[in-house]
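> the amino acid sequence is not available; the structure is as follows:
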Ligand code: AMP
């Protein structure tokens, strides 16, 4: 595995791979890698000749008062895991390398797709994501890029960006990897106390409950949302940011009976840690 810390180093490696006709898979991450990231890297390994994993805690996607400074930075361990899962290159630039000047170019997807769900409580978040992912696409020139369904809204926003800007890359979306008890793996789980960790289980449990109701024939979106919300609210440590359902792919509001595939998404604080989870319900 080769560690590249500068744009120039990465570009040189990509130029060599391109000259050799190699296919390139890119896995963008913020590091503190776990098995969720590992599944993306493993998928990239299967489908591409060169696998690039970026490890960059992207400052532009954090709002004021969010956890940018506290976010875990574990580059050595990340390199070990990335190598084990099959990465050829780890790209770990500094913020200055990715954002050389204060005046800069933004890539922003507008509309409801970035305003609902996490966009409401994190208004600059998706602009930061689309900007950094555009930079990474231009640098790594991937044939395929790998993202997790864990960040379901991010997936829809990036699909939209790729379509609108004619990026020549295929987005590959991987299922949510969970702990044995159901909690979705996340770098932020490390922030949780033992009590918060136990309380956080209510997210996957409430979504599973909604899935069961759906399987039993419930198609009323308000009822499914209410059932999910009630279970989460019953957990005393939970502080709900949102429990909502939107129709895929454009995240249009669903009122009444579900028709197409719908995303049921939750964001809940446990102490100072905000966790997200979701499930896709495929309506008729
Ligand atoms: P992050 O480092 O949190 O920005 O995540 C980098 C990528 O890994 C994103 O595409 C995430 O959706 C994905 N990811 C994070 N956690 C999981 C998980 N539990 N299962 C699958 N993918 C994940």
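Nice, thanks for sending it over. Being a predicted model, the structure only gives us computed values, none of them experimental. Residues are numbered from 1 along each chain as shown.
> contact residues of the protein facing the ligand?
Contact residues, the chain versus the ligand (Cβ under 6 Å from any ligand atom): 29-30, 36-37, 39-40, 147-148, 150-151, 174, 176-177, 184-187. Any C-beta I mention is one placed from the backbone N, CA and C, and that applies to glycine too.
> if you look at the residues you listed, which of them are in helices?
36, 37, 39, 40 (DSSP state H).
> now, of those, which are buried?
When burial is judged by neighbour count using 16 or more other Cβ atoms under 10 Å, the buried members of these are 36, 37, 39, 40.
> and of those residues, the nearest to residue 81?
Checking these against residue 81 with Cβ to Cβ, the nearest one is residue 37 at 7.4 Å.
> and the gap between the residue nearest the centre of the chain and residue 122?
Compute the mean C-alpha point of the chain, and by Cα atoms, centre = their mean the closest residue is residue 151, 3.4 Å away. Using Cβ to Cβ, to the nearest Å, one obtains 12 Å as the distance from residue 151 to residue 122.
> could you chop this structure up by domain?
2-174, 187-282 (automatic domain parsing).
> mean pLDDT added to the ones you listed, as JSON lines?
Shown next, in JSON lines, are the domains of the chain (pLDDT from 0 to 100):
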{"stretch": "domain 2-174", "mean pLDDT": "98"}
{"stretch": "domain 187-282", "mean pLDDT": "97"}
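> spit out the contact partners of the residue nearest to the centre of the chain.
Residues touching residue 151, when contacts are defined by Cβ atoms under 8 Å, 6 or more residues apart in numbering, comprise residue 276.
> do a quick rundown of the helices in this structure.
With DSSP H as the criterion, the chain has helices at 7-19, 35-47, 75-85, 95-98, 112-115, 118-121, 125-140, 152-164, 194-199, 201-215, 221-233.
> out of those, nearest to residue 262?
In this view, the helices of the chain are compared for proximity to residue 262 by Cβ to Cβ, and helix 221-233 is the closest at 6.8 Å.
> please identify the buried residues of that closest one?
221, 224, 225, 227, 228, 229, 231, 232.
> count of neighbours near residue 132?
Using other Cβ atoms under 10 Å, residue 132 has 21 other residues around it.
> surely residue 220 is in contact with residue 256?
Yes. The pair residue 220 and residue 256 qualifies as a contact (Cβ atoms under 8 Å) at a distance of 6.7 Å.
> circling back to that earlier point, among the residues of the chain next to the ligand, name the ones in strands.
When those are checked against strands (DSSP state E), the matches are 29, 147, 148, 174.
> let's have those residues in JSON lines, adding neighbour count and distance to residue 159.
Conversion of those to JSON lines gives the following (neighbours: other Cβ atoms under 10 Å; distance: Cβ to Cβ, whole Å):
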{"residue": "29", "neighbour count": "23", "distance to residue 159": "19"}
{"residue": "147", "neighbour count": "21", "distance to residue 159": "9"}
{"residue": "148", "neighbour count": "22", "distance to residue 159": "14"}
{"residue": "174", "neighbour count": "20", "distance to residue 159": "14"}
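> out of those, flag the one nearest to residue 248.
Each of these was scored against residue 248 by Cβ to Cβ, and residue 147 proved nearest at 14.9 Å.
> can I assume the closest one is in contact with residue 154?
Yes. Using Cβ under 8 Å, residue 147 and residue 154 qualify as a contacting pair, with a distance of 6.7 Å.
> hey, what's in contact with both of those two?
Jointly contacting residue 147 and residue 154 under the rule Cβ under 8 Å, 6+ apart is no residue at all.
> what is the nearest of the buried ones among the ones in helices among the residues of the chain next to the ligand to the ligand?
Nearest to the ligand among those, counting by Cβ to the nearest ligand atom, is residue 36 at 2.4 Å.
> residues contacting that closest one?
Taking Cβ under 8 Å, 6+ apart as the definition of contact, the neighbours of residue 36 are 148, 150, 176, 177, 184, 185, 186.
> how about the fourth one, what does it touch?
When the contact criterion is Cβ under 8 Å, 6+ apart, the partners of residue 177 are 34, 35, 36, 38, 39, 148, 150, 184, 185.
> how much space separates the spatially closest residue to it that is not a sequence neighbour from residue 185?
Of all residues not flanking residue 177 in the chain, residue 36 sits nearest, at 4.1 Å (Cβ to Cβ, 6 or more residues apart in numbering). Relative to residue 185, residue 36 is positioned 4 Å away (Cβ to Cβ).
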